[in-house]
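Enquirer: my questions concern the predicted model and sequence given below.
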Amino acid sequence: MLSIGTFNNLTILRDSPHGLFLEAKTDEGSQDILLPKKYVTPEMKIGEAVNVFIYTDSEDRLVATTETPIAEVDQFAVLTVVGATSFGAFLDWGLEKDLLLPKKEQLYPVDEGDQVVVRIVLDHRTERLIAVSKLQPFFRKDTSELQEQQVATALAYDKTDLGYKVILNQQYDALLFYSDCATELHRGESLTVYVKKIREDDKIDVTTFPAGRDATEQAKLNLLRKLQEAGGHLSLHDKSNAQEIQEELGMSKKVFKKAIGGLYKERKIQLEGKEGIRLME
């Protein structure tokens with residue numbers, strides 16, 4: 001049966017001045033779908049099958065293309081905003097017709113040039129493919145196939161006071177705490193992570209650090225990230241209050257002292273006494 005928003009193998013029925021008409025099986029029977037002339041190649045013959053992507057054109061008619069979109073229906077993707085209107089934004093997804101992100105489906109307002117993480121879905125009311133950046137309804141809840149320490153792919157889509165919200169393996173919603181991330185992330189960035197903890201309520205914590213990594217090495221990476229975020233200087237030093245260090249960096253004073261000692265030996269920071277520490281250029 002015909003599947004909108006993905007690739008289909010359809011039989012070539014006939015030629016026309018506008019391109020090739022393909023036969024598509026639907027619930028109502030069969031339907032002819034045009035493959036525009038610009039996508040037709042000499043190898044395509046009547047009666048043979050061709051693999052094409054199906055979506056709707058500017059007049060909401062089903063149309064075929066041999067181009068490959070950045071993502072297909074029911075997939076998450078990072079897309080660029082190429083136009084913004086009062087009713088929504090248009091996204092470049094690699095096809096001739098841009099993809100609409102309706103205003104009501106936007107997690108936050110977007111402008112031209114922004115990159116936005118979306119889910120591509122089929123609007124069954126209109127039979128149109130649209131983008132949605134309110135992602136929560138599309139995450140898988142059953143975590144039985146995940147294991148702690150498992151390597152996974154992550155796509156950052158938002159951030160909170162605690163850390164980055166990421167899409168795990170194109171299926172799950174997960175949280176990457178700032179203290180578990182070696183660098184600052186932006187929406188749309190992809191990275192490799194490790195499943196740190198699967199909670200009783202099936203919420204997932206991930207980390208960029210593999211199990212068994214030395215705490216000092218992890219602290220050094222966290223400290224470098226904090227210095228970069230602070231413009232290269234922190235007022236903390238080896239005589240700072242332990243609670244102050246814990247609140248600002250999320251690490252003990254003992255680990256902090258080892259971290260600054262290691263970074264100083266590596267000539268990555270300067271020690272400025274009670275003035276704090278500074279990132280070296």
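Expert: Good, I have the coordinates. Numbers count the residues shown, from 1 in each chain.
Enquirer: show me the contacts for the residue nearest to residue 202 when sequence neighbours are not counted.
Expert: Spatial nearest neighbour of residue 202, chain neighbours left out: residue 143 (4.8 Å); criterion: Cβ to Cβ, 6 or more residues apart in numbering. All C-beta atoms are positioned from the backbone trio N, CA, C, and that covers glycine. Contact analysis of residue 143 by Cβ atoms under 8 Å, 6 or more residues apart in numbering lists 172, 198, 202, 204.
Enquirer: how many neighbours does the third one have?
Expert: Spelled out, it's residue 202. When neighbours are counted by other Cβ atoms under 10 Å, residue 202 registers 14.
Enquirer: so it: helix, strand or coil?
Expert: Secondary structure assignment for residue 202 (DSSP: H, G, I helix; E, B strand; the rest coil): coil.
Enquirer: got a markdown table for the contacts of residue 143, with distance to residue 100 and pLDDT too?
Expert: Converted to a markdown table, the contacts of residue 143 look like this (distance: Cβ to Cβ, whole Å; pLDDT from 0 to 100):
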| residue | distance to residue 100 | pLDDT |
| --- | --- | --- |
| 172 | 27 | 97 |
| 198 | 36 | 95 |
| 202 | 32 | 87 |
| 204 | 31 | 97 |
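Enquirer: can you select the buried ones from these in PyMOL?
Expert: If you want just the buried ones from these in PyMOL, going by 16 or more other Cβ atoms under 10 Å, the selection is:
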select buried, resi 172+198+204
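Enquirer: next, give me the two most distant ones among the contacts of residue 143.
Expert: By the measure Cβ to Cβ, 172 and 198 form the most distant pair in the contacts of residue 143, at 9.7 Å.
Enquirer: overlap of the contact sets of the two?
Expert: Looking at what touches both residue 172 and residue 198 (by Cβ under 8 Å, 6+ apart), the common residues are 143, 146, 204.
Enquirer: after the longest helix seen in the chain comes which helix or strand?
Expert: The residue-count maximum for a helix in the chain (DSSP state H) belongs to helix 215-229. Per DSSP states H and E, helix 215-229 leads on to strand 233-234 as the next helix or strand towards the C-terminus.
Enquirer: and for that next one, what's in contact with it?
Expert: Contacts for strand 233-234 (Cβ under 8 Å, 6+ apart): 226, 227, 248, 276, 277, 278, 279.
Enquirer: for the fourth one, list the residues it contacts.
Expert: Applying Cβ under 8 Å, 6+ apart, one finds that residue 276 lies in contact with 233, 234, 235, 236, 237.
Enquirer: what is the burial count for residue 83?
Expert: Applying other Cβ under 10 Å, we find 13 residues neighbouring residue 83.
Enquirer: tell me the secondary structure of it, please.
Expert: strand.
Enquirer: show me what it is bridged to.
Expert: Here residue 83 sits in beta bridges with residue 90, as judged by DSSP bridges.
Enquirer: what stretches of the chain score poorly on pLDDT?
Expert: Filtered on pLDDT under 70, the chain yields the residue ranges 182, 212-215.
Enquirer: repeat that for 50
Expert: Counting by pLDDT under 50, the chain contains no low-confidence segment.
Enquirer: give me every residue that touches the residue nearest in space to the middle of it.
Expert: The geometric centre of the chain, computed from its C-alpha atoms, lies nearest to residue 155 (Cα atoms, centre = their mean), at 3.5 Å. With contacts defined as Cβ under 8 Å, 6+ apart, residue 155 is in contact with 76, 78, 117, 166, 167, 170, 188, 189, 190.
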